[in-house]
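**Q** Any chance you can model this:
(one chain, ligands or ions: 1)
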Amino acid sequence: MAKPIQLYNNMLRKKVPFSPLKEGKVLFYSCGPTTYDFLHVGNARALVVGDLFHRVFDSMGYDVTFVRNFTDVDDKIIEKANELGVDPLEHSDRFIKECQKDMESLGMKEASFTPKVSETMDEIIEMIQTLIRKEKAYVLEGEVFFDVPSFKEYGKLSKKKLDELQHGRRVQVDKRKKSGADFVLWKPAKEGEPSWDSPWGKGRPGWHIECSAMAKKYLGETIDLHHGGVDLMFPHHENEIAQSECANGCEFSQNWCHNEFLNFGLEKMSKSLGNVITIRSFVESFGGEVLRHVLSSVHYRSKMDWSQEVIEKAISEMERIHIFVQNMQETVESEKVIENEEQLVEVTTLLNKMKKELSDDFNIPGALSSLFSLIRMINREYFGAKKEGDKIPLDKSLRSKVFEVIAFLEKSTGLVYESPESILSKLKSAKKSLSGTTDLNEEEIEELVKERIKARHEKDWAKSDLIRDELKSKGIVLRDNPDGTVSWTFK
Ligand SMILES: [Zn+2]
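**A** Numbering: from 1, shown residues only. Model prediction:
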């Protein structure tokens, strides 16, 4: 039987008991990335939070159908592809693959469905036709707009008033529209843009309609939970609600959860961190589990600052956890019968506490604090005087209970997915690069990079390799990008 879960429903602005449409099942939709470039570490927060929800439901015994889309038709993609002189759909396809690699490196569970806009065109067109038929949308010269004032509940999620939206705009962008708040469902394609046939001529969908169409296709007309970053609440989610509720004639999502931002303030960064802005470069420098841990160390509804301090804190927490896991793996089952019932009771209590924290609006920091209490207790009792290679005997039931905690942690939070041996050495070098232990400054590195590019132009491969090796010996890794530029990171 699935265990009860409480979550903060942003539609009601309060915490409520999760009560799915079908007992024990979760229909869950999360807005996925637009694939036009490598994802930024800021994008990783929504991905990791979506994965956390998926995992917590799953480990609490729910049968989850999880849909996370890829926006592969979008202005930004077309712009980037045109800049590079490549086909927009091929371009976005390339970055879907890169994004999948990033998600794998973050230890994310696979979603049940990961639809693309380009493959959902029939359902999108059908939904727009329904909206026109129901007089919730209108056509203007090959373009289709959603008639916002026709949906009286518009603004119910973001708590915005329609009046203010209609009159509060300083610039009326498109004078043909019935209302300034109306948004586009279908737009005619310009020369050189990807386009699909539709009853309104060749064109492509506006951004918001895809999520309504995909949620309906894979999950049905009403879903249990919709998630996305807080920046998507308005207008994106508001528009999704308007489209879905008008087309389907029923509630779209029973619950709405939004994760807060990752702030990139004026915090002074180490040189290495300042260069690390994509998930890929962070993972190359510090490892995926470090990023996952950083993003898990704060509750999803709290703002989070991207700073050297939070990364260092995550690394030291991970060291404590992984050293503990390693010590546990080196223990042996004791021949003796239980000597201390209290410890078993305490571990069981802490495991239940972790479960309770995670069931209470996905409170990872709370669960981690119970985990650290457990680690402290076992360390104090058994590993205080442990030397490398010691095989500490542990009572059979206690030992298996602790392993149950470790397995639960991995299943429900996605943390601790690398083996202690590999991660502990990675953490050591992550710490080194965070402290910036290289004697070259940024200008000197850039100078050497330029010199190497020049050598490559002149086909002086020996010199090019020499510079690469010199930088490598100082902990700097070069990457040759397909467009001819070179980026570098600290190892
Ligand atoms: Zn969406």
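
**Q** Pull the contacting residues for residue 229.
**A** The contact partners of residue 229, by Cβ atoms under 8 Å, 6 or more residues apart in numbering, come to 31, 45-46, 258-259, 261. To be clear about C-beta, it is placed using only N, CA and C from the backbone, and glycine gets the same treatment.

**Q** which of these count as buried?
**A** Listed as buried from the contacts of residue 229 are 31, 45-46, 258-259, 261; burial here means 16 or more other Cβ atoms under 10 Å.

**Q** closest to the ion among the residues you listed?
**A** The closest of these to the ion turns out to be residue 31 (Cβ to the ion; 3.3 Å).

**Q** quick one, phi psi at the closest one?
**A** Phi and psi for residue 31, reported as degrees, to the nearest 10, are phi -70, psi 120.

**Q** So it is in contact with residue 233, correct?
**A** No: Residue 31 is beyond contact range of residue 233, at 10.6 Å (criterion: Cβ atoms under 8 Å).

**Q** What are the contacting residues of stretch 51-58?
**A** 5, 26, 28, 30, 64, 66, 106, 108-109, 111, 225, 227, 257, 296, 300, 358-359, 362, 364, 411-414.

**Q** Show me which of those are buried.
**A** Neighbour-count burial (16+ other Cβ under 10 Å) applied to the contacts of stretch 51-58 gives 5, 26, 28, 30, 64, 66, 106, 108-109, 111, 225, 227, 257, 296, 300, 358-359, 362, 364, 412-414.

**Q** those helices in the stretch 201-350 of the chain, which residues are they?
**A** Applying DSSP state H, counting those that start in this stretch to the stretch 201-350 of the chain gives helices spanning 209-219, 238-248, 271-275, 279-286, 288-296, 308-329, 341-359.

**Q** ranking those by mean pLDDT, which is last?
**A** Lowest mean pLDDT within the helices of the stretch 201-350 of the chain: helix 271-275, at a mean of 56.

**Q** Sticking with residue 479, tell me its helix or strand.
**A** Using DSSP states H and E, residue 479 sits in strand 476-480.

**Q** Between helix 279-286 and that strand, find me the angle.
**A** 150 degrees (axes from the mean of the first three to the mean of the last three Cα atoms, to 10 degrees).

**Q** got the CA coordinates for strand 476-480 in CSV?
**A** Listed next in CSV are the C-alpha coordinates belonging to strand 476-480 (Å, rounded to 0.1, in the frame of the first residue of the first chain):
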residue,chain,number,x,y,z
ILE,A,476,43.6,22.6,-16.6
VAL,A,477,41.6,20.6,-19.1
LEU,A,478,41.0,21.9,-22.6
ARG,A,479,38.0,21.0,-24.8
ASP,A,480,37.9,21.6,-28.5
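
**Q** Can you pull the phi/psi pair for the closest residue to residue 287 other than its chain neighbours?
**A** By the measure of Cβ to Cβ, 6 or more residues apart in numbering, the closest residue to residue 287 outside its immediate chain neighbours is residue 426, 4.6 Å from it. As for residue 426, its main-chain torsions (degrees, to the nearest 10) stand at phi -60, psi -40.

**Q** can you tell me which residues contact residue 426?
**A** Per Cβ under 8 Å, 6+ apart, neighbours of residue 426: 286-287, 290, 418.

**Q** returning to that earlier point: of the contacts of residue 229, closest to residue 70?
**A** Checking the contacts of residue 229 against residue 70 with Cβ to Cβ, the nearest one is residue 31 at 10.4 Å.

**Q** ok, which residues in the stretch 51-200 of the chain are in contact with the ion?
**A** Nowhere does the stretch 51-200 of the chain come near the ion, counting by Cβ under 5 Å from the ion.

**Q** still on that earlier bit, which one (most neighbours) among the contacts of residue 426?
**A** residue 286 (28 neighbours; other Cβ atoms under 10 Å).

**Q** Once you drop chain neighbours, what's closest to that residue?
**A** residue 430 (4.3 Å).

**Q** try residue 433
**A** Closest residue to residue 433 in three dimensions, ignoring its sequence neighbours and counting by Cβ to Cβ, 6+ apart: residue 490, at 4.0 Å.

**Q** is that neighbour in a bridge, and if so with what?
**A** residue 476 (DSSP bridges).

**Q** Tell me if I'm right that it and residue 472 touch.
**A** No: contact criterion Cβ under 8 Å: residue 490 and residue 472 do not qualify, at 11.0 Å.

**Q** Of these two, which one has the most company?
**A** Shown here are residue 490 and residue 472; by other Cβ under 10 Å, residue 490 has more neighbours (27 against 12).

**Q** Count the neighbours of the residue lying closest to residue 137 once chain neighbours are set aside for me.
**A** In this structure, residue 137 finds its nearest non-sequential neighbour in residue 131, 3.9 Å apart by Cβ to Cβ, 6+ apart. Using other Cβ under 10 Å, residue 131 has 25 other residues around it.
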